[in-house]
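[1] Pasting the sequence and the predicted model now:
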Amino acid sequence: MFRLIVFVLFFNLITVPAHALGEFKITASDADALDEFGTAVSVSGDYAIVSASRNSDDGYRSGAAYIFVRNGDQWIEQTKLTAVTLMQRITLVDRFASAMITP
């Protein structure tokens with residue numbers, strides 16, 4: 001089985017343009033090669049959410065989002081969200097978590 005990896009690189013665009021503040025690697029515990037893990041990534045402080053919009057665990061391309069929490073220099077997977085965990089599915093191909101934003 002293939003394991004997809006997301007690399008996230010932070011940039012401080014205000015004080016030091018194009019200066020990398022940190023880089024880390026995140027993998028989903030149950031990632032599949034066709035899940036599109038990492039299509040959308042949002043980071044706020046010690047929290048990161050990573051999409052897998054074609055994850056099919058709850059139905060064909062139903063989608064999922066993974067929540068990670070930083071613990072020191074490691075990012076630990078906390079939970080996996082799916083459309084089924086949040087509400088009843090409406091369509092066959094939900095592609096839940098196709099896009100995300102952080103306030």
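    Good, I have the coordinates. Because the structure is predicted, anything quoted here is derived from the model rather than measured.
[2] so what's the nearest residue to residue 55 once chain neighbours are set aside bridging to?
    Residue nearest to residue 55 in three dimensions, not counting chain neighbours: residue 64, with 3.9 Å by CB to CB, 6 or more residues apart in numbering. Yep, even glycine has a C-beta here, placed from its N, CA and C like the rest. Note on residue 64: beta-bridge partners residue 52, residue 82, judged by DSSP bridges.
[3] correct me, but residue 64 touches residue 35?
    Yes: Residue 64 is in contact with residue 35 according to CB atoms under 8 Å; the separation is 7.5 Å.
[4] Need the residues touching each of the two.
    52, 53, 55 (CB atoms under 8 Å, 6 or more residues apart in numbering).
[5] re the thing from before, who has more neighbours out of residue 64 and residue 35?
    Neighbours per residue (other CB atoms under 10 Å) separate residue 64 from residue 35, with residue 64 holding more: 28 against 23.
[6] which of the residues in stretch 46-57 are buried?
    48, 49, 50, 51, 52, 53, 54, 55 (16 or more other CB atoms under 10 Å).
[7] is it true that the first one touches residue 71?
    No: the pair residue 48 / residue 71 is not scored as a contact, 12.0 Å apart, by CB under 8 Å.
[8] Mind picking the two most distant members of the buried residues of stretch 46-57?
    48 and 54 (19.3 Å; CB to CB).
[9] Any figure for the gap between the residue nearest to residue 55 and residue 73?
    Distance, residue 64 to residue 73, by CB to CB, to the nearest Å: 26 Å.
[10] now do residue 31
    To residue 73, residue 31 is 21 Å away according to CB to CB.
[11] who has more neighbours, these two?
    residue 31 (23 against 7).
[12] Reformat the shared contacts of residue 64 and residue 35 as CSV; add distance to residue 41.
    Listed next are the shared contacts of residue 64 and residue 35 as CSV, based on distance: CB to CB, whole Å:
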residue, distance to residue 41
52, 11
53, 12
55, 15
